[in-house]
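Undergrad: Could you look at this predicted model? Sequence included:
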Amino acid sequence: MGADPRTALISDSIRIIPDFPKAGIMFQDVTTILLDPVAFKHTVDMLHERYQGTKIDVVAGFEARGLIFGAPLAIALGCAFVPLRKPGKLPGDVLSADYVTEYSTDRIEMHVGAVRQGQRVLLVDDLIATGGTLRAGVELVQKAGGKVVEAACIIELPELKGREKLEGLPLFVLVEKEGL
């Protein structure tokens, strides 16, 4: 079985911005996928095909680009969507987790009660680099009593070894790219 031809269109739709957000970073900009409705649809469809028929109670998407891909996936799967946001963006009580990326230290937050005890959660983000963001998402879901069953990203930068931080959590990726 050969590679899915939709993957090439998705990959070709990703813009690379050199030296952003700091010198030496080759930023993988997935927002350009949104400019091509066919590529955007293929992205959501391929994620949906991966998870349809599985028991997913909640899709949790990371700010900002994980929100863009996670919300339509949750609709397609017929499950809840939970936004994982940067500090100060969610009203009310929140759970939080700190993490380190390839170029910063940050925090991610989730509403208290957004994930309930025993719920099966799929994490969605645009990219896995060092794995810090996804690891923080796992921590948040576990604090709430949920279970992360898999993580899904549009892009993986394999040379940064982010999978290792996931400690065996399954990771589904549409495109592998050279990053730094």
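TA: Good, I have the coordinates. Quick caveat: nothing in here was measured; it's all calculated off a predicted structure. Numbering: from 1, shown residues only.
Undergrad: Just give me the residue right at the centre of the protein.
TA: residue 125 (1.3 Å; C-alpha atoms, centre = their mean).
Undergrad: helices and strands around the lowest-mean-pLDDT helix or strand in the chain, which ones?
TA: None of the helices or strands of the chain scores lower by mean pLDDT, DSSP states H and E than strand 26-29, at a mean of 92. On a contact count with 3 or more C-beta pairs under 8 Å, 6 or more residues apart in numbering; DSSP states H and E, strand 26-29 meets strand 15-18. Every residue, glycine included, has its C-beta placed from N, CA and C.
Undergrad: What average pLDDT does the strand it packs on get?
TA: What strand 15-18 shows for mean pLDDT is 95.
Undergrad: Output that strand in CSV with nothing but the alpha carbons.
TA: Output in CSV follows, covering the C-alpha atoms of strand 15-18 (Å, rounded to 0.1, in the frame of the first residue of the first chain):
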residue,chain,number,x,y,z
ARG,A,15,4.9,27.4,4.6
ILE,A,16,8.4,27.5,6.2
ILE,A,17,9.4,30.8,7.8
PRO,A,18,13.2,31.0,8.5
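Undergrad: Identify the residues contacting that strand?
TA: For strand 15-18, the external contacting residues (C-beta atoms under 8 Å, 6 or more residues apart in numbering) are 25-29, 31-32.
Undergrad: now do stretch 83-91
TA: The set of residues external to stretch 83-91 that reach it, using C-beta under 8 Å, 6+ apart, is 60-63, 66-67, 96, 106-111, 123, 137, 140.
Undergrad: closest to residue 43 among those?
TA: For those, the residue nearest residue 43 by C-beta to C-beta is residue 66; the value is 12.2 Å.
Undergrad: can you pull the buried residues of the least confident helix or strand of the chain?
TA: 27-29 (16 or more other C-beta atoms under 10 Å).
Undergrad: Give the next helix or strand downstream of it.
TA: Using DSSP states H and E, the helix or strand that follows strand 26-29 in sequence is helix 37-51.
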